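Participant: Output the structure for:
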Amino acid sequence: MPDIEYRIDRRSGVATYLQIVQQTQQALRLGLLTPGDRLPTAREVVEATAINPNTVLKAYRELERDGLVEARRGLGTFVRRTLGSAAPADSPLRGELAAWAQRARAAGLEKDDVAALFAAVLDEQFDGNDT
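Facilitator: Numbering: from 1, shown residues only. Prediction:
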């Protein structure tokens with residue numbers, strides 16, 4: 001079973017169940033989770049994050065509604081399909097992005113500054129022109 005560890009940021013302003021949904025979607029986009037993989041049980045997530053079990057179940061139901069996972073009674077929740085065609089986690093693009101993020105950090109930028117800069121560039125590249 002792949003090792004997905006949910007990280008809950010209680011100060012983010014994003015609902016906890018949505019953080020689980022978003023982190024699962026990201027793992028699907030990056031190829032860290034693939035069809036047939038089992039997600040951690042609600043109990044495992046609760047033990048690792050100290051959140052309410054109903055919150056985990058709500059996130060898993062949302063993922064199931066989206067057709068990304070399926071619950072199998074007595075067995076767990078399993079990935080049905082992946083998302084997008086993102087470069088895999090071991091892609092050279094990831095390495096280049098990591099190096100860029102290290103340079104940004106070394107230049108004194110905070111995480112939120114880097115996120116804003118990256119979002120602006122994404123908007124320019126994907127929304128600003130159709131090349």
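Participant: For the residue lying closest to residue 78 once chain neighbours are set aside, list the residues it contacts.
Facilitator: Leaving aside its sequence neighbours, residue 78 sits nearest to residue 38 (C-beta to C-beta, 6 or more residues apart in numbering; 5.3 Å). Where you see a C-beta, it was placed from the backbone N, CA and C, and this is true even at glycine. In this structure, residue 38 makes contact with 1, 75, 76, 77, 78, 79, judged by C-beta atoms under 8 Å, 6 or more residues apart in numbering.
Participant: Same question for residue 18.
Facilitator: Listed by C-beta under 8 Å, 6+ apart, the contact set of residue 18 reads residue 59.
Participant: That one: what secondary structure?
Facilitator: The three-state assignment at residue 18 reads helix, by DSSP: H, G, I helix; E, B strand; the rest coil.
Participant: What spatial separation is found between it and residue 55?
Facilitator: Distance check for residue 18 against residue 55: by C-beta to C-beta, to the nearest Å, it reads 10 Å.
Participant: What sits closest to the spatially most central residue of the chain if chain neighbours are left out?
Facilitator: Against the mean C-alpha coordinate of the chain, by C-alpha atoms, centre = their mean, the closest residue is residue 23 at 2.3 Å. Spatial nearest neighbour of residue 23, chain neighbours left out: residue 6 (5.5 Å); criterion: C-beta to C-beta, 6+ apart.
Participant: From residue 14, how far out is that neighbour?
Facilitator: The spacing between residue 6 and residue 14, counted by C-beta to C-beta, is 13 Å.
Participant: so where is this protein shaky, pLDDT-wise?
Facilitator: Along the chain, segments meeting pLDDT under 70 span 1-2, 84-90, 128-131.
Participant: ok so, going back, got a list of what the residue nearest to residue 23 touches?
Facilitator: Shown in contact with residue 6 (C-beta under 8 Å, 6+ apart): 19, 20, 23, 40, 45, 48, 49.
Participant: what do you get if the cut-off is 10 Å, keeping everything else the same?
Facilitator: Neighbour list for residue 6: 16, 19-20, 22-24, 27, 39-40, 44-45, 48-49, 51, 56, 59 [criterion: C-beta atoms under 10 Å, 6 or more residues apart in numbering].
Participant: Next: residue 19.
Facilitator: Contacts here follow C-beta under 10 Å, 6+ apart; on that basis residue 19 touches 6, 7, 8, 9, 10, 12, 49, 51, 55, 59.
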